[in-house]
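Asker: Fold the following for me, if possible:
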Amino acid sequence: MRTLRAIVSVLLRDRVMLASLFLLLALIAISVCAPLIAWHDPAQLTPRMRLKPSDANYWLGTDSLGRDLLARVLYGGRLSITLAAMVSAIAVCCGLLIGLVAGYFRRVDAVVMRIMDGIMAIPSLLLAVSMVALGGANLLTIVTAISIPEIPRIARLVRSVVLSVREAPYVEAAVGLGTPTAVVLWRHILPSTINPLVVQATFVCAAAILTEAALGFLGLGFPPEIPSLGTIIAEGRPFFQRAPWIVLCPGIFLALLILAVNMFGDALRDRLDPRMARKHRS
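Answerer: Next up, the predicted model:
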């Protein structure tokens with residue numbers, strides 16, 4: 001609750017954060033309202049309308065199969081946002097649990113963190129490509145493939161916070177009074193991890209959106225009948241000279257989405273980190 005109030009108070013003072021949040025919410029809103037904005041079915045094939053430039057009926061034109069590009073971009077954006085939220089939730093929950101255990105219990109720290117180091121040694125895109133190739137291009141496999149490389153980063157962040165808070169006088173006092181370990185972790189240590197977790201979750205979202213787009217561009221993402229920003233860009237690449245809007249429109253939407261998430265995360269980090277906040281005030 002204190003973190004939420006801090007974020008709201010910062011939003012009222014920070015114009016950069018407010019602008020990035022407004023852009024992010026606008027992109028999410030138009031993606032969620034895709035059926036209301038784009039009245040064409042994104043999977044409807046109209047060969048006679050292929051590679052048609054923008055007009056009153058097709059606001060962003062059509063692709064090489066006559067499908068409405070606006071509908072495909074908005075539905076692809078909604079898919080990317082949904083997938084990013086799922087990846088962020090899974091990575092934060094798993095990383096938080098692993099980081100708390102590794103940071104508080106010295107005996108399991110070395111074993112757990114060596115496993116995390118081993119996962120981080122594998123390139124994230126290579127791991128995602130391998131898992132999708134083995135498990136198939138479905139939502140569960142793609143979300144799992146993108147989430148696994150992000151978990152060690154969250155775990156290391158939480159562990160570093162726990163290591164610094166574990167020696168605090170109020171934590172030692174609670175342990176000395178015989179407070180159960182679960183209560184110590186929940187009441188005294190977990191609140192200290194909320195601020196860095198909120199910031200890191202935004203960067204996980206941006207990384208998940210970019211990785212999903214990369215998988216779609218490489219042909220390892222969702223099936224062609226499911227609109228995906230990376231798939232749309234890959235399908236429009238052979239027709240770029242004749243119909244550049246097929247690549248530019250999803251590319252601009254993808255760039256704006258990642259830019260908004262990263263700018264919001266950077267501004268949030270600068271304001272929630274006490275050291276950065278002091279620099280801004282000075």
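Asker: Buried residues, the helix or strand where residue 93 lies. List them.
Answerer: Here residue 93, judged by DSSP states H and E, is contained in helix 69-104. Neighbour counts over helix 69-104 (16 or more other CB atoms under 10 Å) mark 69-81, 83-84, 86-88, 90-92, 94-96, 98-104 as buried. Using the backbone N, CA and C atoms, a C-beta is placed for each residue, glycine as well.
Asker: gap between residue 249 and residue 161?
Answerer: Separation of residue 249 from residue 161 (CB to CB, to the nearest Å) stands at 41 Å.
Asker: re earlier: tell me the helix or strand right after the helix holding residue 93.
Answerer: helix 106-120.
Asker: ok, residue 256 touching residue 24?
Answerer: No - taking contacts as CB atoms under 8 Å, residue 256 lies outside contact range of residue 24: 9.1 Å.
Asker: ok, the two, which is more surrounded?
Answerer: residue 24 (20 against 15; other CB atoms under 10 Å).
Asker: Leaving out the residues flanking it, which one is nearest to residue 219?
Answerer: Nearest residue to residue 219 in three dimensions, chain neighbours excluded: residue 234, at 6.6 Å (CB to CB, 6 or more residues apart in numbering).
Asker: Give me the buried positions along the helix or strand containing the one you found.
Answerer: If you go by DSSP H and E, residue 234 is part of helix 229-236. Using 16+ other CB under 10 Å as the test for burial, helix 229-236 gives 229-236.
Asker: now do stretch 148-155
Answerer: 148-155.
Asker: starting at the chain centroid, how far to it?
Answerer: Relative to the centre of its chain, stretch 148-155 is centred 13 Å away, using CA atoms, centre = their mean, to the nearest Å.
Asker: Repeat that for stretch 66-81.
Answerer: Using CA atoms, centre = their mean, the offset of stretch 66-81 from its chain centre is 18 Å.
Asker: residue nearest the centroid of the protein?
Answerer: residue 205 (0.9 Å; CA atoms, centre = their mean).
Asker: Please look at it and residue 262 and confirm they touch.
Answerer: No - at 9.3 Å, residue 205 and residue 262 do not qualify as touching, with contact defined as CB under 8 Å.
Asker: Quickly find the element holding residue 206.
Answerer: Going by DSSP H and E, residue 206 is part of helix 190-217.
Asker: hang on, I meant residue 122
Answerer: Counting by DSSP H and E, residue 122 is part of no helix or strand.
Asker: give the contact list for the residue nearest to it when sequence neighbours are not counted.
Answerer: Nearest residue to residue 122, sequence neighbours excluded (CB to CB, 6+ apart): residue 149, at 7.2 Å. Residue 149 makes contact with 119-120, 122, 124, 127-128, according to CB atoms under 8 Å, 6 or more residues apart in numbering.
Asker: quick one: contacts for residue 171?
Answerer: Taking CB under 8 Å, 6+ apart as the criterion, residue 171 is in contact with 165, 184, 188-189.
Asker: ok, the residue nearest to residue 219 - contacts?
Answerer: Residue 234 neighbours (CB under 8 Å, 6+ apart): 216-219.
Asker: Could you report the neighbour count for residue 190?
Answerer: 17.
Asker: Grab the nearest non-local neighbour of it.
Answerer: Nearest to residue 190 is residue 100, by CB to CB, 6+ apart, at 7.1 Å.
Asker: Now do the phi/psi pair for residue 52.
Answerer: When read as degrees, to the nearest 10, the backbone of residue 52 gives phi -90, psi 130.
Asker: what's around the closest residue in space to it that isn't next to it in sequence, how many residues?
Answerer: Nearest in space to residue 52, with sequence neighbours left out and distances taken as CB to CB, 6+ apart, is residue 62 at 4.5 Å. Around residue 62 there are 27 other residues, counting by other CB under 10 Å.
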